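Peer 1: Structure of the sequence below:
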Amino acid sequence: MANFENDFKKIIALSTLRQLGLIIIILRIGQRILAFYHLLTHAIFKSILFIAAGTIIHSINNNQDIRMLGNLNETIPFTIIRLIISNLALGGAPFFSGFYRKDLIMEYTYSNRNTNVLITILIIMSLILTITYSIRFTYYLFFNKTIKFYRYTFLKENYITNLSLIIIMLLRVSIGSLIN
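Peer 2: Residues are numbered from 1 along each chain as shown. Got it, this is the predicted structure:
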């Protein structure tokens, strides 16, 4: 449903439900530590994504339709940078924690002989669907040139929110490097 939804917050919430289902599958396979690692990294980057989405929604007069969000990188670049970094980490881009997390999940699924083929297919589909909604999300933020909603409103970034999210991201990077 996250791939077909147009509401900003619903896309993020529905993708969280998909990841919780993946955590339940990982727990069923018997990897408690891997499920906990997936939960922690997903929660931290998803919280950054929710805060950036809230900043964007608040900036464009509480409009939550992603079809109205073209070229926001021209007006609120720091918020969009945070959103893109979080989206890349959740999507599993190389050298982000999501890449290592998803690599561990796939490695254990392939190497475990007791894993059912259906479970393996469900895990692969869940990981692919996460990437597809991330690409769609990024397309509407950057490349949707049909509507520029911000032309009709006055947009500015909140510096307190920017500072708090920079601190959260720095803590996440330092803690993540210590864990890895």
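
Peer 1: can you count the residues close to the closest residue to Ile29 other than its chain neighbours?
Peer 2: Setting aside the residues directly before and after it, Ile29 is nearest to Thr115 in space (CB to CB, 6 or more residues apart in numbering), at 6.1 Å. Every residue, glycine included, has its C-beta placed from N, CA and C. Number of residues near Thr115 (other CB atoms under 10 Å) recorded here: 17.

Peer 1: Roughly how far does Thr115 sit from Leu17?
Peer 2: Per CB to CB, to the nearest Å, Thr115 is found 22 Å from Leu17.

Peer 1: pretty sure the residue nearest to Ile29 contacts Gln31?
Peer 2: No: with contact defined as CB atoms under 8 Å, Thr115 does not reach Gln31; the gap is 10.5 Å.

Peer 1: Okay, buried residues for stretch 97-112 please.
Peer 2: 97-98, 100-102, 104-105, 108-109 (16 or more other CB atoms under 10 Å).

Peer 1: I meant stretch 44-61, not that one.
Peer 2: Going by 16+ other CB under 10 Å, stretch 44-61 has these buried residues: 44-46, 48-53, 55-57, 59-60.

Peer 1: swap in stretch 80-95?
Peer 2: So, applying 16+ other CB under 10 Å, buried residues of stretch 80-95: 80, 82-92.
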